[in-house]
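> predicted coordinates and the sequence they were generated for:
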Amino acid sequence: MRKSLALLSFVAALSVSFTSSLQAADPAKTVHFGTFSVATDYAPYLIAKRMGWIDEALGKIGYKADYLDPFQSLAPINEALATGNADFIFAAETPLIIGRASGIDDHIVWYSCAAKIELLVPASSSAKSILDLKGKRVAGLSGTSAHFGFMDNLKKAGLNSSDIAFLPTPPPEAKAAFETGAVDGWAVWPPFIEQEIIAGKGRPLDGFSSYAQVVMVGRTAFIQANPEATSRIIETLDRARNWVKANPEKAQQMMSDELKLPLVVIKLAWPRLNWSGSLDDKIIADMQAKADFLKDFGLIKKPVNVKADFVRLPNITGKNP
């Protein structure tokens, strides 16, 4: 009798262990995180990942995190979101708006920071404002906040798009063109700005003002099916962002290690990152201006209403109030 009871206990324990193993391996319990390239703008996420806070928060409810390699272009991000191979993506707003307009079913559920865009000119340039670049050529990545910032500042200065040529150029090629004098300016974001300044090859043009709004989108099907996990992720990222604000020197050192960039680059970039913002009407209006810009320039075919259709806060499982 004792042997039978012992056998039954062993079988029950084995069954529980096997069931637990299946649950742990259940792909529905895995949360896939990705980023568009790597950047200082993602500091709260990268630090929460590095400190183990995301794993801890998800582990308490039986989930686990899968950290994807950084994506280098928009097409694979859209594919990953469409196929469920990515659940959350960190990026500046414009590529995500493009994805949304193309039919990707996702929503903005968290705000990281505002990253200041600059228009770099060669260190030896005599240009004092954007007006001095009339008849010149400026490089920048098409469809980004840098592209929007360039066109917006051009308009505010009373210039037309034909007055300064904008050359759509990815950052690596733009960097080479800028440093060899093939272009007269470069609209770009941190840490490219700081690298050119430190190398003595470029300086920000006075009077240029524009920001990229850095956010996290969540795949709609995931956030609807996993509201608790989504809430825990957002709470953890808020915790990390508060830690970044309270511990700037430690955060800068961590980002230097994480991004494999000299600490001096990170320190110089830090003042261009505003960690105090939120998804309020002002930020949403700025994102809407970029959505309108993308539509007006033919970079998207379908208009995107950022507040009504794209932002899902504070009630992540329902419609906006």
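Structure received.
> return the set of buried residues in the helix or strand hosting Glu196.
Secondary structure assigned from DSSP states H and E places Glu196 in helix 192-198. Buried residues in helix 192-198, counting neighbours by 16 or more other Cβ atoms under 10 Å, are found at 192-197. Placement of C-beta: from N, CA and C, glycine included.
> for stretch 134-147, same thing?
136, 138-141, 143-147.
> please flag which of those residues sit within strands.
Within the buried residues of stretch 134-147, residues falling in strands by DSSP state E are 138-140.
> and those as CSV, adding distance to Ala225 and pLDDT?
Output for those, formatted as CSV (distance: Cβ to Cβ, whole Å; pLDDT from 0 to 100):
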residue, distance to Ala225, pLDDT
Val138, 45, 98
Ala139, 43, 97
Gly140, 39, 95
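> which elements pack onto the longest strand belonging to the chain?
Taking DSSP E as the criterion, the chain has its longest strand at strand 106-116. Secondary-structure packing of strand 106-116 (3 or more Cβ pairs under 8 Å, 6 or more residues apart in numbering; DSSP states H and E): helix 43-50, strand 88-92, helix 93-101, strand 211-219, helix 220-225, helix 227-246, strand 273-274.
> measure how buried the nearest residue to Gln252 once chain neighbours are set aside is and give me the count.
In space, and not counting its chain neighbours, Gln252 is closest to Ile266: 4.7 Å by Cβ to Cβ, 6 or more residues apart in numbering. Applying other Cβ atoms under 10 Å, we find 24 residues neighbouring Ile266.
> wait, Ile266 touches Pro191, no?
Yes. Taking Cβ atoms under 8 Å as the definition, Ile266 is a contact partner of Pro191 at 7.1 Å.
> could you check the distance from Glu56 over to Ser126?
Distance, Glu56 to Ser126, using Cβ to Cβ, to the nearest Å: 54 Å.
> just to revisit the earlier point, with respect to His107, which of the ones in strands among the buried residues of stretch 134-147 is nearest?
Using Cβ to Cβ, Gly140 comes nearest to His107 of those, at 27.7 Å.
> contacting residues for the most centrally placed residue in the chain?
Centroid check for the chain by Cα atoms, centre = their mean gives Ala91 as the closest residue, at 1.9 Å. Contacts for Ala91 (Cβ atoms under 8 Å, 6 or more residues apart in numbering) come out as 35-36, 77, 214-215, 217.
> before I go, just wanted to say thanks for your time.
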